[in-house]
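> quick one: sequence and predicted model below, then my questions.
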Amino acid sequence: MIAVRKIVSFPMGKVVATPGALSAVLEAEQTPIEFLDRHSQCDWGEVCGDDWEVNDQSLIDGTRILSAYRTKTDVRIWVITEADRSSTCILLPEEY
C-alpha cells in the first residue's frame, strides 16, 4: 500500500498546549507549529494503521482527531482536535 499525503485542512479551533508539552518541544529546540502543521495536513504521525483510518474518517464524520509525534529528543507528544473542532491541544500522553 502506498501512502499518499493529503493536503487537507480542517478547523482546529483554539490552540492550547500543556506546560509539559511546551517544555518538551522547546527542550528539543522545536516549535509547536511544526506539529500543528503536520496535524492540520493530515499527517497523523506515529499512530497505528487503524487509528490513521479512524482519523481519516473523522474528516468526514466530525469525530475527534488524534496525532502522535516524537520530538527530536524522542519525547512523545499528542495533538488532539476535539470533535466539534472548537479546540486543539498539544500534550504529553501522560497528561491525557
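Alright, I've got the coordinates.
> what packs against the host helix or strand of residue 36?
Here residue 36 sits within helix 32-40, counting by DSSP states H and E. Applying 3 or more CB pairs under 8 Å, 6 or more residues apart in numbering; DSSP states H and E, one finds that helix 32-40 contacts strand 14-17, helix 19-27, strand 65-70, strand 76-81, strand 87-91. Just so you know, the C-beta spots here come from the backbone N, C-alpha and C atoms, and that holds for glycine as well.
> and residue 42, which of these is closest to it?
When the helices and strands packed on helix 32-40 are compared by CB to CB, strand 65-70 sits nearest residue 42, at 8.7 Å.
> that closest one: which residues count as buried?
Residues of strand 65-70 classed as buried: 65, 66, 67, 68, 69 (neighbour count, 16 or more other CB atoms under 10 Å).
> how about stretch 82-91?
For stretch 82-91, by 16+ other CB under 10 Å, it's 88, 89, 90, 91.
> what does the average pLDDT come to for that stretch?
Throughout stretch 82-91, pLDDT has a mean value of 98.
> tell me the angle the helix holding residue 36 makes with strand 87-91.
Helix 32-40 runs at 120 degrees relative to strand 87-91, counting by axes from the mean of the first three to the mean of the last three CA atoms, to 10 degrees.
> now do the helix or strand following helix 32-40: distance to the chain's middle.
Once the chain leaves helix 32-40, the next helix or strand it forms, by DSSP H and E, is helix 49-61. Centre-to-centre, helix 49-61 and its host chain are 13 Å apart (CA atoms, centre = their mean, to the nearest Å).
> contact partners of helix 49-61?
Contacts to helix 49-61, defined as CB atoms under 8 Å, 6 or more residues apart in numbering, come from residues 6, 8, 10, 42, 44, 47, 63, 64, 65, 66, 67, 83.
> same thing but at 7 Å, please
For helix 49-61, the surrounding residues in contact (CB atoms under 7 Å, 6 or more residues apart in numbering) are 8, 10, 44, 47, 64, 65, 66.
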